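Q: Mind looking at a prediction? Sequence and model below.
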Amino acid sequence: MVAARITVNGRETPLAPAAPHTTVLDFLRERGLTGTKEGCAEGECGACSVLVARPGVNKPTDWVAVNACLIPAAALDGQEIVTSEGLATAGEPGSRPVLHPVQEEMTVRGGSQCGYCTPGFVCSMAAEYYRPDRCAHQDPADGTDAEHGPNGFDLHALSGNLCRCTGYRPIRDAAFAVGAPADGDPLAQRREQAPPAPVATAYTRGDSAFLRRSTLADTLRLLEERPGAVVVAGSTDWGVEVNIRSRRADCVVAVDRLPELRELRVASDHIEIGAALTLTEIERRLDGGVPLLGELFPQFASRLIRNSATLGGNLGTGSPIGDSPPVLLALDASVVLAGPDGEREVPLSGYFTGYRQSVRRPGELIRAVRVPLPLSPVTAFHKIAKRRFDDISSVAVAFALDIEDGIVRTARIGLGGVAATPIRARATEAALEGEPWTAETVEAAAAVLRGEGTPMDDHRASSLYRSAMLGQSLLKLYARTTEAVSS
């Protein structure tokens, strides 16, 4: 097996002697690439962002910005990354490097204040700069708003980057000023070539190992051999454990590049979403085909996190405040579990058994999530949190209703943050089904919804607040549906 190595700014760099738990951030800084900064060590600030070459949606390769503080360097074995230092190009002998267009705009428009966050902003901006379907709008009224520039730049690409000097206006100005990549731009040309192929990895230092197999079958055999192994995909949860809680594992098994976990198929009666597809990949491949998921994605952490996080990981952790379970519960989704004895399909409503516990057996992996078709036409996702974006929810509520001739034929409601597990609001569903979709019905059902679950008091919200928000969310849905009908 070839020694583990990463291509950094065009140069192959051996992973050794880094420990298996070493993050990409520390790996880069130890090699003198100190533009990559540590600001929070948990994916909240974006000071550490770098570009990674990933399988593309509209082109063979996409440049994707990720949090280097969360990803083990070993997870990028065989992959290509570009740091803020690698964006500039060499000038004439004796002259300074030629700045990348994003760096140039940040410079001339005053987008760098103290400068600490600037390299991270630059990398996130560069990922949006190279987004293949970004296009300029000739008419300012054509698809532009406060968060989308006339050049097609989506400011949500920077939602995971924090400027502590409050220099957001000049940063926005720089983002909205960049044009299209020039002919001959090497990173733009790189998009036309195939992405790095996944490689099997067996990286061991001392008593610790980071392992990746090439197939699902080999991975399942490995998990039988190493029953205590930590399974990771995007590492957005495990990376926090390593950094903040100093957790270490004797063996980490990566599943993020397994082809069997990276398929998205649309059948006549269901959509199957691979458990190792990132949320960004799912969002762009579905392209609004599942409206309820379309409401979830912009509210799920930040673009930097969504570029790594997976549905399999969000369900696998079993957190009662994960954002995807309420939505998937409302969609009546199921999970496909693969294990030594084959596959089995489990309704998500029966998957969670307790706090961070599930029916998943030792040695089993979540291979895919299945969403049945047809989809309910009336859907909504309400996330109640202290910040608009990039925050953990106090309460999350997802609705999927079939309303025909003014009667609620079916209702599915998923809740997060109000019990030890994500739950279906069964009593509220029963209160709605078969009833007219009227203010009286909704007010009565909202009273039922306030009593669903066992909300608790904590630093995010009180139990009374959580209960109140449950009822209010149904009233909000009704108000919006009646507004849509009247308009």
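A: Now that the structure is in, tell me what you want to look at.
Q: Show me where the stretch 351-487 of the chain has its helices.
A: Counting by DSSP state H, counting those that start in this stretch, one finds helices in the stretch 351-487 of the chain at the ranges 426-432, 439-449, 463-486.
Q: Packing partners of the last one?
A: If contacts are counted by 3 or more Cβ pairs under 8 Å, 6 or more residues apart in numbering; DSSP states H and E, helix 463-486 sits against strand 378-384, strand 395-404, helix 439-449. In short, each C-beta sits where N, CA and C put it, glycine included.
Q: Can you tell me what sits against that helix?
A: 378, 380, 382, 384, 394-395, 397, 399, 403, 415, 417-418, 425, 428, 437, 439, 442-443, 445-447, 449-453, 455-457, 461 (Cβ atoms under 8 Å, 6 or more residues apart in numbering).
Q: okay, the angle between it and strand 395-404?
A: If you take axes from the mean of the first three to the mean of the last three Cα atoms, to 10 degrees, helix 463-486 sits at 30 degrees to strand 395-404.
Q: Helix 463-486 to helix 439-449, inter-axis angle?
A: 150 degrees.
Q: C-alpha coordinates for helix 463-486, CSV please?
A: Taking C-alpha atoms only, helix 463-486 is exported to CSV below (Å, rounded to 0.1, in the frame of the first residue of the first chain):
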residue,chain,number,x,y,z
SER,A,463,-39.4,24.0,28.6
LEU,A,464,-42.3,26.5,28.5
TYR,A,465,-40.7,28.3,25.6
ARG,A,466,-40.1,25.1,23.7
SER,A,467,-43.8,24.1,24.2
ALA,A,468,-45.0,27.5,23.1
MET,A,469,-42.9,27.3,20.0
LEU,A,470,-44.3,23.9,19.0
GLY,A,471,-47.8,25.3,19.0
GLN,A,472,-46.8,28.5,17.3
SER,A,473,-45.1,26.6,14.5
LEU,A,474,-48.4,25.0,13.4
LEU,A,475,-50.1,28.4,13.6
LYS,A,476,-47.4,29.8,11.4
LEU,A,477,-47.8,27.0,8.9
TYR,A,478,-51.5,27.6,8.7
ALA,A,479,-51.0,31.4,8.2
ARG,A,480,-48.6,30.8,5.4
THR,A,481,-50.8,28.3,3.6
THR,A,482,-53.9,30.5,3.8
GLU,A,483,-51.8,33.5,2.5
ALA,A,484,-50.7,31.4,-0.4
VAL,A,485,-54.2,30.4,-1.3
SER,A,486,-55.5,34.0,-1.0
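Q: those strands in the stretch 1-150 of the chain, which residues are they?
A: Taking DSSP state E, counting those that start in this stretch, the strands of the stretch 1-150 of the chain run over residues 5-8, 11-14, 49-55, 61-67, 80-82.
Q: In PDB, list the C-alpha atoms belonging to the first one.
A: Once non-C-alpha atoms are left out, strand 5-8 reads as follows in PDB (Å, rounded to 0.1, in the frame of the first residue of the first chain):
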ATOM      1  CA  ARG A   5       0.200  11.600   1.300                       C
ATOM      2  CA  ILE A   6      -1.700  14.700   0.400                       C
ATOM      3  CA  THR A   7      -1.200  17.000  -2.500                       C
ATOM      4  CA  VAL A   8      -0.900  20.500  -1.000                       C
END
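Q: any low-confidence regions in this structure?
A: Low-confidence segments of the chain (pLDDT under 70): 1, 137-144, 484-487.
Q: middle-most residue in it, spatially?
A: residue 306 (1.9 Å; Cα atoms, centre = their mean).
Q: That residue against residue 284, yeah?
A: No. Using Cβ atoms under 8 Å, residue 306 is not in contact with residue 284; the gap is 10.3 Å.
Q: show me the contacts for the residue nearest to the centre of the chain.
A: 278-280, 283, 297, 300.
Q: want to throw the strands of the stretch 1-150 of the chain into a markdown table with mean neighbour count?
A: What follows is the strands of the stretch 1-150 of the chain, written out as a markdown table (neighbours: other Cβ atoms under 10 Å):
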| stretch | mean neighbour count |
| --- | --- |
| strand 5-8 | 20 |
| strand 11-14 | 11 |
| strand 49-55 | 25 |
| strand 61-67 | 26 |
| strand 80-82 | 24 |
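Q: what's the closest of these to residue 245?
A: Residue 245 sits nearest to strand 61-67 of all these, at 16.9 Å, using Cβ to Cβ.
Q: quick one: strands adjacent to that closest one?
A: Strand 61-67 sits in its sheet next to strand 49-55 (antiparallel), going by DSSP bridges.
Q: now the partner strand, how far from the centre of its chain.
A: Put simply, strand 49-55 sits 14 Å off its chain's centre (Cα atoms, centre = their mean, to the nearest Å).
Q: surely residue 89 meets residue 98?
A: Yes. Contact criterion Cβ under 8 Å: residue 89 and residue 98 qualify, at 4.8 Å.
Q: quick one on the thing from earlier: please convert the strands of the stretch 1-150 of the chain to JSON lines, extending it with distance to residue 330.
A: As requested, the strands of the stretch 1-150 of the chain are exported to JSON lines (distance: least, Cβ to Cβ, whole Å):
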{"stretch": "strand 5-8", "distance to residue 330": "40"}
{"stretch": "strand 11-14", "distance to residue 330": "45"}
{"stretch": "strand 49-55", "distance to residue 330": "29"}
{"stretch": "strand 61-67", "distance to residue 330": "29"}
{"stretch": "strand 80-82", "distance to residue 330": "37"}
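Q: Ok, which of those strands comes nearest residue 193?
A: Going by Cβ to Cβ, the one of the strands of the stretch 1-150 of the chain nearest residue 193 is strand 61-67, 6.2 Å.
Q: Show residues contacting the closest one.
A: Strand 61-67 has contacts (Cβ under 8 Å, 6+ apart) with 43, 46, 48-56, 82, 123-124, 126-127, 130-132, 157, 160, 187, 190-195, 236, 239, 280, 303-305, 307-308.
Q: Then stretch 293-300?
A: 156, 279-280, 282-283, 286, 288, 306, 309, 323-324, 327, 331, 379-381, 383, 389, 398.
Q: next one: phi and psi at residue 21?
A: Note on residue 21: its backbone torsions stand at phi -90, psi 0 [degrees, to the nearest 10].
Q: ok, now how distant is it from residue 394?
A: 32 Å (Cβ to Cβ, to the nearest Å).
Q: returning to that earlier point: show me just the buried residues among the contacts of helix 463-486.
A: Neighbour-count burial (16 or more other Cβ atoms under 10 Å) is assigned, among the contacts of helix 463-486, to 378, 380, 382, 384, 394-395, 397, 399, 403, 415, 417-418, 425, 428, 437, 442, 445-446, 449-450, 452-453, 455, 461.
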